[in-house]
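[1] Okay, predicted coordinates and the sequence, questions at the end:
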Amino acid sequence: MHPHYAAYYAVIAEIPRGAVATYGQIARLAGRPGRARQVGYALHALPPGSPIPWQRVINARGELSLPELGGRKSRQRRLLEREGVRFDVRGRVDLRRYGWRPDVA
DNA sequence: ACTCAGGCGCTAC
DNA sequence: AGTAGCGCCTGAG
């Protein structure tokens, strides 16, 4: 496992139920701005059954960045809907409404 | 709303 | 060893 992955996982673990965050946002919060793509790799590398809420990470356009092939995309959508996240007709999430706004506290 | 280019790091062949 | 393609983003046009 690559060293920075743990930092991404730590941030992702903080996303509350009913909210979503973008890859770029995770990278920034993990102190690695510009590494959005690496966040995708980190998630891809997650073992099945991991407690990390991978489904709460979507792209900056509010879309699910997973191929429909293999049913992973629809699984992600199901998980999110179960948590209260709504999708529009085009299958997109309104980030203004569901986007995670971490408390700066 | 769209495309394009550049940046980023990794994987798989 | 090189390269193409990725769970991506931003800025410019």
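    Thanks, I have the structure now.

[2] Apart from its neighbours in sequence, what residue is nearest residue A:26?
    The shortest distance from residue A:26 to any non-neighbouring residue, by Cβ to Cβ, 6 or more residues apart in numbering, is to residue A:39 (4.8 Å). Heads up, the C-betas are built off the backbone N, CA and C, glycines and all.

[3] Confirm the one you found sits in a strand?
    No. Residue A:39 is assigned helix when assessed by DSSP: H, G, I helix; E, B strand; the rest coil, not a strand.

[4] got a list of what it touches?
    A:8, A:23-24, A:26-27, A:30, A:57 (Cβ atoms under 8 Å, 6 or more residues apart in numbering).

[5] How much space separates residue A:22 from residue A:37?
    In this structure, residue A:22 and residue A:37 are 12 Å apart, going by Cβ to Cβ, to the nearest Å.

[6] Pull out the buried residues from the contacts of residue A:39.
    Neighbour counting with 16 or more other Cβ atoms under 10 Å marks A:8, A:23-24, A:26-27, A:30, A:57 as buried within the contacts of residue A:39.

[7] now those residues as a markdown table including pLDDT and secondary structure?
    Written out in a markdown table, the entries for the buried ones among the contacts of residue A:39 read as follows (pLDDT from 0 to 100; DSSP: H, G, I helix; E, B strand; the rest coil):
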| residue | pLDDT | secondary structure |
| --- | --- | --- |
| A:8 | 96 | helix |
| A:23 | 97 | helix |
| A:24 | 96 | helix |
| A:26 | 97 | helix |
| A:27 | 96 | helix |
| A:30 | 96 | coil |
| A:57 | 97 | strand |
